[in-house]
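K.L.:
Fold the following, please.
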Amino acid sequence: MTIKDSCFGREKYLDILLKRIRNFKDGYRQNLAIIGDELIGKTSAIFRMLAGLDDNRLIMVYLEARSEPLASFVQRFIGVLLYNFLVNSGHPLQEDLDYLVKRSCGYIPHTVEKIKAILASIQKRKKNNILPELFSLTEMIYQETGKSCVVILDEFHNLEGLGIKELYRDWSKLLVLQKNTMYIIISSLKFKTKSLLSKELSMLFGNFETITVEPFDIKTSEAYLEKYLSGPRLARGLKDFIIHLTGGYPFYLRLITEAIIKNAQSNLSDILEDLLFEPSGILNQRFSNYLKRFLDLPQSQDYLSILYLASSGHNRFNDIAALLHKPKKDLRARVNHLLEVDAVTRLGDFLKINDRVFAFWLRFVYQEKLNSLTFDAKNQKSAFRDKISEMINEFIRHSQKPLIERLAELLRLFENDNLQIDRKRIRLTHFREIKPLEFNNRFLREGLLGRSGEGTWLLGLKQESITEDDICAFARECKKYRKKLERKIILTSGEIDVNARLRAMEEKIATWDLDNINQLFDLFYKPRLIA
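P.N.:
The predicted structure is shown next:
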């Protein structure tokens, strides 16, 4: 079975897209930048939006930017523009540029004249001003027909490979002037795109609204598995483990789910072995190919070593530098490149592999094969299955513990490292004493107290959603301590409403939700909380 709903759980992003398109038709243009990891559903949302649009006033121009000659990009852009301009003309259409130019001549003669001039310039290998000339075609069509254009550039950063000088400077000037053209740019390079948007493409008018497409949250992941794994196919603990392993990435959820449906007699270990360990496995091949992009770089082994260490329990920057016996200056340059290509994220003193399944593969497949003293595939496969079983059992064992116990275990791992949570830098104090608390309060019942030589942390825990009353109750508990508290934190595996967050800010109380808690579990290599 192939799961066909590639836009599952992406309704929020689809609603934003459709709303911005409606606003554009009403005269308010807001350019969009859609960023997110590879295969997370960015393009799926775009295609779903395009399938649902039927408006003669709009010309939708979707183009994937590739590594290609400039002439090829120019011809593709013009071809897509004219094809979608003519789509409601009543004429039979052909994906042939000469045919499309000829058919368009009677409707948009001035635009066609400009198109012919651009194509002639490309044949003469002229690159100067080619991008402004090309993108200005959309405004010319508006002048001749009253039709506005929505230009969608997928993986737009690949435009840099066209060899156009002053690419972003010329484009930013155009963005300010083009009132009747809306741009939607899509990129899997989050770090690079954010930098471009804050510098080269930062304007007073025509600027981009950034939409970050995130992995599924836990509830959406559960809904996905419930929809496609209906019936007693998989125990609850194993479903939760799949959510933990995949981190809510739709691509991985789909692959594992399809494999379970297709191989009904196989267990989860069999399926993960086929995907991740076998040479023909889809994910084994994908990750092996991904590593190849680092092999041509100077000091390529450093990149592979950093990725492996960060995936296997040594994710502090200082620890990596010590283990590799590298000067921190050199290591910082390697880490910066990994940040730029979105392989890792830096969170204070910690490095985090962005792709959880890739990190699992690095640790239990790639490095194990490198370290093997023999080429005995049977033994390697057996060791891999043992690792999977151990990981599943550890996850289920932790999931059965009370959350307050799991949090206490987590706090004991703090070693005065710096961490960034919700854009705030905090120091994870090494505690000399950690003890559970029971609050005599109907709103808030349990918490933790952590003491160090430098200060005290007070944590309140509520597994249901947090309200303003909970914040007030916790604030009263905090005031019982004569010595000033270093940190006041309330945690929940539920929701935090807006009024509660506002009241917490007034009381100088940090509010940590399930994402924050799981971020800490990830950094200390503990199973996530699936609640």
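K.L.:
in which helix or strand would I find Ala71?
P.N.:
Ala71 belongs to helix 70-86 when assigned by DSSP states H and E.
K.L.:
Return the set of buried residues in the helix or strand following that helix.
P.N.:
Sequence order places helix 97-104 as the next helix or strand after helix 70-86, per DSSP H and E. Going by neighbour count (16 or more other CB atoms under 10 Å), the buried part of helix 97-104 is 97, 99-101, 103-104. Any C-beta I mention is one placed from the backbone N, CA and C, and that applies to glycine too.
K.L.:
And stretch 257-270, what's buried?
P.N.:
Neighbour-count burial for stretch 257-270 [16+ other CB under 10 Å]: 257, 259-260, 267-269.
K.L.:
Could you list which residues are in contact with Glu495?
P.N.:
465-466, 513 (CB atoms under 8 Å, 6 or more residues apart in numbering).
K.L.:
if you set the cut-off to 10 Å instead, what comes out?
P.N.:
Glu495 is in contact with 464-467, 513-514, counting by CB atoms under 10 Å, 6 or more residues apart in numbering.
K.L.:
PyMOL command for the buried members of those?
P.N.:
To isolate the buried members of the contacts of Glu495 in PyMOL, using 16+ other CB under 10 Å:
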select buried, resi 466+467+513+514
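K.L.:
Select, from the contacts of Glu495, the two members most distant in space.
P.N.:
Across the contacts of Glu495, no pair lies farther apart than Thr467 and Leu514, at 16.5 Å, counting by CB to CB.
K.L.:
How far does the helix holding Ala71 sit from its chain's centre?
P.N.:
Put simply, helix 70-86 sits 30 Å off its chain's centre (CA atoms, centre = their mean, to the nearest Å).
K.L.:
quick revisit: just checking, which of the contacts of Glu495 belong to helices?
P.N.:
Residues of the contacts of Glu495 located in helices (DSSP state H): Leu514.
K.L.:
Just give me the least confident of the contacts of Glu495.
P.N.:
Minimum pLDDT across the contacts of Glu495 is recorded for Glu464, with 88.
K.L.:
residue contacts, the closest residue to Leu17 other than its chain neighbours?
P.N.:
Nearest in space to Leu17, with sequence neighbours left out and distances taken as CB to CB, 6 or more residues apart in numbering, is Met49 at 4.6 Å. Applying CB under 10 Å, 6+ apart to Met49 gives the contacts 7, 13-18, 20-21, 60, 62, 150, 152, 184.
K.L.:
can you tell me which of the residues you listed lies nearest to Phe287?
P.N.:
Using CB to CB, Cys7 comes nearest to Phe287 of these, at 25.5 Å.
K.L.:
For that closest one, pull up the helix or strand it's in.
P.N.:
Per DSSP H and E, there is no helix or strand for Cys7.
K.L.:
in stretch 305-325, what's buried?
P.N.:
Buried, per 16+ other CB under 10 Å, within stretch 305-325: 305-311, 314-317, 319-321, 324.
K.L.:
quick one on the thing from earlier: I'd like to check the angle between the helix holding Ala71 and helix 97-104, please.
P.N.:
Computed by axes from the mean of the first three to the mean of the last three CA atoms, to 10 degrees, the angle separating helix 70-86 from helix 97-104 equals 40 degrees.
K.L.:
got the CA positions of helix 70-86 in CSV?
P.N.:
Extracted in CSV, the C-alpha atoms of helix 70-86 (Å, rounded to 0.1, in the frame of the first residue of the first chain):
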residue,chain,number,x,y,z
LEU,A,70,21.3,30.0,-17.2
ALA,A,71,19.7,29.5,-20.7
SER,A,72,17.9,26.4,-19.4
PHE,A,73,16.4,28.3,-16.4
VAL,A,74,15.3,31.2,-18.6
GLN,A,75,13.6,28.9,-21.1
ARG,A,76,11.9,27.0,-18.3
PHE,A,77,10.7,30.1,-16.6
ILE,A,78,9.2,31.6,-19.8
GLY,A,79,7.7,28.2,-20.8
VAL,A,80,5.9,27.8,-17.4
LEU,A,81,4.8,31.4,-17.4
LEU,A,82,3.2,31.2,-20.9
TYR,A,83,1.8,27.7,-20.4
ASN,A,84,-0.1,28.8,-17.3
PHE,A,85,-1.1,32.1,-19.0
LEU,A,86,-2.7,30.1,-21.8
